[in-house]
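Enquirer: coordinates only, sequence not included:
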């Protein structure tokens, strides 16, 4: 039901989780005062898209440590299936983490902001989290958002941090947490506020080039088919299409040494150059083309390029290549290591 509109009913479900032990106090440099880390209860809860995220502080022995520290406890409960999807403890050797707040963004990437200190680090603000596709029950290494600037001279610390989805952009969240600005008898603490987002994954472009035949004679129709995939983030690239002439035929095309290369421009007009020639401009087939992220496999509805094989071509094996470069990468007139991001290859013999 809707409160104030229709009757509201409730039901209770008991879910099993690991034991939850209250955390110890935290140490800090510059003062013998130990810092409060909370009572070991849930202090943050967010529900979105049938996932209830809760977080609090607990005691743990971090990996590689032999001492009990204050750590973070983060749990995701699926409310559509009444089940615990994730139950994670997060800590780091030698460090004390406390007062976490957790919330996902619109894509299900979770952000956890919290207070952190150690014997060498004043109480400051750090953040961890997990991308929606990360392995379950894992959080990424934390990042420092705001370093502490001094020691807290009393026991009291906290209480709360916060994470909230940006109402105008579901890919961003706002985080807030407490840090100590300077050592002062009057407890000089501050509040750090920041906007966070998960950066898009790097491009992972693959190009595929296939010919309709691998042996050809004069007058035959040659069809070039291409496809692309990109499971990573979107990429803006230049595309080049080149046919590499057999080495034994390069001299007949004016290349005294090296290979003869036939690049094709946007109108599919050939541009012949020699690999041993001085730096020059290589004509792109397509400039600044966007390969969308998450592309599984894109196939054009018809052959990418077709032509009748010329009788005057030197005999031998020809290599066909479609390759992608960062925009302008060939602007210096040379092909350098790292210029080519993806390539599709095939060949035929005349």
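Expert: Ah, there it is. Note that the structure is predicted; figures quoted are calculated from it, not measured.
Enquirer: which stretches of the stretch 51-200 of the chain form strands?
Expert: Counting by DSSP state E, counting those that start in this stretch, the stretch 51-200 of the chain has these strands, from start to end: 51-60, 69-78, 83-90, 95-104, 110-118, 121-130, 143-146, 162-165, 172-182, 188-197.
Enquirer: Can you say which of the ones you listed is nearest to residue 136?
Expert: Closest to residue 136 of these is strand 83-90 (Cβ to Cβ; 5.3 Å). For every residue, glycine as well, the C-beta is placed using N, CA and C.
Enquirer: Parallel or antiparallel, list what pairs with the closest one.
Expert: Paired strands of strand 83-90, with direction, are strand 69-78 (antiparallel) (DSSP bridges).
Enquirer: Tell me who's in contact with the residue lying closest to residue 15 once chain neighbours are set aside.
Expert: Take residue 15 and drop its neighbours on the chain: the residue closest to it by Cβ to Cβ, 6 or more residues apart in numbering is residue 84, 5.3 Å away. Contacts for residue 84 (Cβ atoms under 8 Å, 6 or more residues apart in numbering) come out as 15-17, 75-78.
Enquirer: cool, and residue 248?
Expert: 314-316.
Enquirer: Could you check which helix or strand contains the residue nearest the centre of the chain?
Expert: By Cα atoms, centre = their mean, the chain has its centre lying nearest to residue 201, at 2.9 Å. Counting by DSSP states H and E, no helix or strand carries residue 201.
Enquirer: wouldn't it be in contact with residue 293 here?
Expert: Yes: between residue 201 and residue 293 there is a contact at 7.2 Å, judged by Cβ atoms under 8 Å.
Enquirer: list residues touching both of those two?
Expert: Common neighbours of residue 201 and residue 293 (Cβ under 8 Å, 6+ apart) are 232-233.
Enquirer: what is residue 84 paired to in the beta sheet?
Expert: Taking DSSP bridges as the rule, residue 84 bridges to residue 77.
Enquirer: The helix or strand of the chain with the lowest mean pLDDT pairs with which strands, and in what direction?
Expert: Counting by mean pLDDT, DSSP states H and E, the chain has its least confident helix or strand at strand 295-298, which shows a mean of 82. Strand 295-298 has the following strand partners under DSSP bridges: strand 221-230 (antiparallel).
Enquirer: Show me what whichever helix or strand comes after the strand it pairs with packs onto, helices and strands only.
Expert: Using DSSP H and E, the next helix or strand after strand 221-230 towards the C-terminus is strand 235-244. Judged by 3 or more Cβ pairs under 8 Å, 6 or more residues apart in numbering; DSSP states H and E, strand 235-244 is in contact with strand 260-264, strand 286-291, strand 317-325.
Enquirer: need those strands in TSV with distance to residue 3, mean neighbour count and mean pLDDT, can you?
Expert: Below are these laid out as TSV (distance: least, Cβ to Cβ, whole Å; neighbours: other Cβ atoms under 10 Å; pLDDT from 0 to 100):
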stretch	distance to residue 3	mean neighbour count	mean pLDDT
strand 260-264	66	20	90
strand 286-291	46	14	92
strand 317-325	55	20	94
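Enquirer: circling back to that earlier point, show me the contacts for the residue nearest to the centre of the chain.
Expert: Taking Cβ under 8 Å, 6+ apart, we find residue 201 in contact with 232-233, 293.
Enquirer: quick one: low-confidence ranges for the stretch 151-300 of the chain?
Expert: 279-280 (pLDDT under 70).
Enquirer: List just the one of the helices and strands packed on strand 235-244 that sits closest to residue 225.
Expert: Residue 225 lies closest to strand 317-325 among the helices and strands packed on strand 235-244, at 10.2 Å (Cβ to Cβ).
Enquirer: And that closest one, how far out from the chain middle?
Expert: Offset of strand 317-325 from its chain centre (Cα atoms, centre = their mean, to the nearest Å): 29 Å.
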